[in-house]
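Chemist: Sharing a model that was predicted from the sequence below.
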Amino acid sequence: MAMASSGQEEDVNQLAAELSKTLKDGERILGPTRRPDGSLRKPIRIRAGYVPQDEVAKYQSKGALAALDKGKNSDKNEDSAEDASQGSEPVDSVVSQMNGLAISSNSAVVTPPLDVTESSTPSDHISDIDKRIRALKKKIRLSEAQQQKTIQQEMKPEQMEKMTKLEGWRNELKLLEDRKAELLAS
């Protein structure tokens, strides 16, 4: 049986030599490979620009690549502990701001403390208040329009929730307008 396989190898090598003579620019030959049962596959001519299925790179998402890069960098760099401590500073400030939020008995109104909402200049603060006032007026206007429409019909749970928040929005609007007046006066 050893004779048959050596004869087969010679035939395959001869075929590969013939194929290599007729190659065009950019083409290549993938040599004969051995199957698990011991027999040989024929050599394969690969066209220019074609990538065989076995050689196609496996797709990896950006997140997976970033995780791999992060893992490689953390092994190489000992500075990563310092980077992590620097990254937690903004988190600490956000946590402290969240702890400073005051929540009234009416669940619709959440008022941030004054020091958090104050901007670098009074004009920035006034523009922020103006934006919030416009947003509240729009919410109030839309919910009142919805209330007029649904007088004849039954309200959905979302609509009922808006109606319960309506009074809170009005109170918050009054507070914001008063604060704006104080800032303009000073």
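Modeler: Received it, and whenever you're ready, just let me know what you need. Residues are numbered from 1 along each chain as shown.

Chemist: In the chain, mark out all the helices, start to finish.
Modeler: 2-21, 62-76, 80-99, 114-117, 122-149, 157-185 (DSSP state H).

Chemist: What score does the most centrally placed residue in the chain have for pLDDT?
Modeler: Centroid check for the chain by Cα atoms, centre = their mean gives G63 as the closest residue, at 9.2 Å. Note for G63: predicted pLDDT of 86.

Chemist: Could you report the distance from S127 to I133?
Modeler: According to Cβ to Cβ, to the nearest Å, S127 stands 11 Å off from I133. All C-beta atoms are positioned from the backbone trio N, CA, C, and that covers glycine.

Chemist: Could you check which of the two is surrounded by more residues?
Modeler: Neighbour count, other Cβ atoms under 10 Å: between S127 and I133, I133 has more, with 16 against 12.

Chemist: Quick check: the more buried one vs S186, distance?
Modeler: From I133 to S186 the distance is 18 Å (Cβ to Cβ).

Chemist: likewise P43?
Modeler: On the measure of Cβ to Cβ, P43 and S186 end up 88 Å apart.

Chemist: more crowded one of these two?
Modeler: Just comparing P43 and S186: by other Cβ under 10 Å the higher neighbour count belongs to P43, 18 against 6.

Chemist: Name the helix or strand of this structure that has the lowest mean pLDDT.
Modeler: Here the helix or strand of the chain ranked lowest by mean pLDDT, DSSP states H and E is helix 114-117, holding a mean of 47.

Chemist: hmm, back to that, now tell me which of the helices of the chain the model trusts least on average.
Modeler: Minimum mean pLDDT among the helices of the chain: helix 114-117, a mean of 47.

Chemist: residues touching L184, list them.
Modeler: Counting by Cβ atoms under 8 Å, 6 or more residues apart in numbering, L184 touches I126.

Chemist: so what's R132 closest to, chain neighbours aside?
Modeler: L176 (5.7 Å; Cβ to Cβ, 6 or more residues apart in numbering).

Chemist: and the one you found, how many residues sit next to it?
Modeler: The burial count for L176: 18, using other Cβ under 10 Å.

Chemist: OK, contacts around it?
Modeler: When contacts are counted by Cβ under 8 Å, 6+ apart, L176 touches I129, R132, I133, L136.

Chemist: Enumerate every residue touching the first one.
Modeler: Looking back up the chat, that one is I129. If you count contacts by Cβ under 8 Å, 6+ apart, then I129 has L176, R179, K180, L183 around it.

Chemist: With distance to Q147 added, can I get these in a markdown table?
Modeler: Listed next are those as a markdown table, based on distance: Cβ to Cβ, whole Å:
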| residue | distance to Q147 |
| --- | --- |
| L176 | 22 |
| R179 | 27 |
| K180 | 27 |
| L183 | 32 |
